[in-house]
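I would like to see how this sequence folds:
(one chain, ligands or ions: 1)
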Amino acid sequence: MAKAIVVYRSHSGVTRRYGEAIAAYLDSKGMAAQVVSVGECDMATLAGADYLLLGCWTSGLFVVRQHPDEPWLAFVRDMPALTGPRPRVALFTTYKLRTGSQFPMMRAALAGKTAAPQLELKSRDGRLSSADEAALEQFLS
Ligand SMILES: Cc1cc2nc3c(=O)[nH]c(=O)nc-3n(C[C@H](O)[C@H](O)[C@H](O)COP(=O)(O)O)c2cc1C
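Numbers count the residues shown, from 1 in each chain. Coordinates of the predicted model:
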């Protein structure tokens with residue numbers, strides 16, 4: 001059974017719910033998906049993952065300067081390098097107005113740590129849309 005790890009950083013719970021919805025969808029597709037916060041994640045488990053989905057809420061000035069917050073950046077700094085063909089990496093975020101530079105900043109932080117992320121998902125309410133499900137299905141194939 002392929003293994004997926006969903007690691008999230010959430011300030012007020014929306015990104016946690018989105019991560020949980022992503023993990024539930026992956027489970028429904030026959031994967032063994034584990035969902036953990038950046039603070040709970042055991043770095044040793046990451047090397048065994050086939051899929052790694054990394055999420056952080058969008059912090060910024062609402063129209064400009066969006067970025068992942070410091071606990072997410074610290075998690076990425078502490079991560080071991082996972083640059084082989086596995087895990088395949090996806091990013092997700094939740095936001096209110098604009099994600100702007102959020103994904104570029106997440107990608108920049110991950111450069112050299114993982115292979116380039118192949119999917120970006122975003123949500124305002126933490127629910128998985130049918131478009132998200134289709135994109136995840138393609139990510140898995
Ligand atoms: C200090 C602060 C800054 C924020 N900056 C942005 C922003 O630049 N763009 C945006 O679309 N939403 C912004 N938001 C909204 C959050 O990204 C949104 O509410 C998100 O879903 C929160 O996720 P969480 O519940 O996992 O913490 C901001 C919220 C806070 C508290």
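
thought residue 127 was touching residue 21?
Yes. Contact criterion C-beta atoms under 8 Å: residue 127 and residue 21 qualify, at 6.3 Å. Every C-beta, even on glycine, is put in place using the N, C-alpha and C of the backbone.

More neighbours: which of those two?
residue 21 (20 against 12; other C-beta atoms under 10 Å).

burial count for residue 115?
Other residues near residue 115 come to 15 when the count uses other C-beta under 10 Å.

got the contact list for it?
Contacts for residue 115 (C-beta atoms under 8 Å, 6 or more residues apart in numbering) come out as 82, 83, 84, 85, 88, 89.

distance of it from residue 84?
Distance of residue 115 to residue 84, computed by C-beta to C-beta, to the nearest Å: 8 Å.

If we only consider the contacts of residue 115, which is nearest to residue 12?
The closest of the contacts of residue 115 to residue 12 turns out to be residue 89 (C-beta to C-beta; 25.0 Å).

in what helix or strand does that closest one lie?
Using DSSP states H and E, residue 89 maps to strand 88-94.

Is there contact, residue-wise, from the next helix or strand after that strand to the ligand?
Once the chain leaves strand 88-94, the next helix or strand it forms, by DSSP H and E, is helix 102-110. No. Helix 102-110 does not reach the ligand (C-beta under 6 Å from any ligand atom); its nearest approach is 7.6 Å.

Need the contact partners of helix 102-110.
54, 56, 58, 60, 66-68, 72-73, 76-77, 89, 91, 93, 95, 116-117, 120.

So how do I select the buried members of those residues in PyMOL?
In PyMOL, this line selects whichever of those come out buried by 16 or more other C-beta atoms under 10 Å:
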select buried, resi 54+56+58+60+66+67+68+72+73+76+89+91+93+95+117
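
Filter the contacts of helix 102-110 down to just the ones in strands.
Within those, residues falling in strands by DSSP state E are 54, 56, 89, 91, 93, 120.

need those in CSV with distance to residue 33, can you?
CSV is the format used below for the ones in strands among the contacts of helix 102-110 (distance: C-beta to C-beta, whole Å):
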residue, distance to residue 33
54, 14
56, 18
89, 15
91, 16
93, 18
120, 18
